[in-house]
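> return atomic coordinates for the entry below.
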Amino acid sequence: LIFSGLGSLYSHRIEKNVHKLAWSIFFILCLLLFYQYVSFSWLKWAGYYPLYIKVLIIIILLAPLAFFLGIPFPFILQMGKVILAPSSVALLFAINGISSALAVPIALYISMFSGFYTVFIIAIGIYALIALLFYAISQQRLQKCINSISTIGFSALILFPYLIQESDLSCPSVKNEFQI
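A predicted model of the protein is given here:
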């Protein structure tokens, strides 16, 4: 929370500059890919150290991602005030609240049955779609096409748990472990 708060403070320095926001989202995507393919092996290696060293390693690994994750939301609120209307800020806060509340149980559900790899791939997909939406803001002629692609992509990501066949969701070790 501290580092995402610092990212929110920094977001006021990039006022109305969509290109700097695009760089922020690009860094989020790069860091997610880095964490996906590199950092989990580091975490296995760090498992042999005392708790305070593990906590320090986690803070060092997550601080850059948290910083860049803190940048887009205040920027979007400011753009909503300018482009749409000042009253749109309440709607944007509501969308953020709903997304935040639903993200945790959905990520937990998907990670239990499909693994963290799938959760990371979905997160990368969501941020790639967000990057497309910001690109659409700067390119008026592509707005309808990119908005349609993003709508289909977000819908597919939300419906992802329901698209998996029931047989793929069997997790015998979890079911047997919690049986009474």
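> tell me which stretches of the protein form helices.
2-11, 18-34, 40-46, 51-69, 72-79, 88-114, 116-138, 143-158, 160-163, 172-177 (DSSP state H).
> measure the residue nearest the centre of the chain to I130 for me?
In the chain, the centroid-proximal residue (Cα atoms, centre = their mean) is A123; its distance is 4.7 Å. According to Cβ to Cβ, to the nearest Å, A123 and I130 sit 11 Å apart. All C-beta atoms are positioned from the backbone trio N, CA, C, and that covers glycine.
> so where's the protein shaky on pLDDT?
15-16, 39-40, 137-140, 143, 157-158, 160-180 (pLDDT under 70).
> repeat that with 50
Across the chain, the ranges flagged by pLDDT under 50 are 165-180.
> next up, the contacts around the closest residue to L31 other than its chain neighbours.
Nearest in space to L31, with sequence neighbours left out and distances taken as Cβ to Cβ, 6 or more residues apart in numbering, is L65 at 4.6 Å. Listed by Cβ atoms under 8 Å, 6 or more residues apart in numbering, the contact set of L65 reads I28, L31, L32, Y35.
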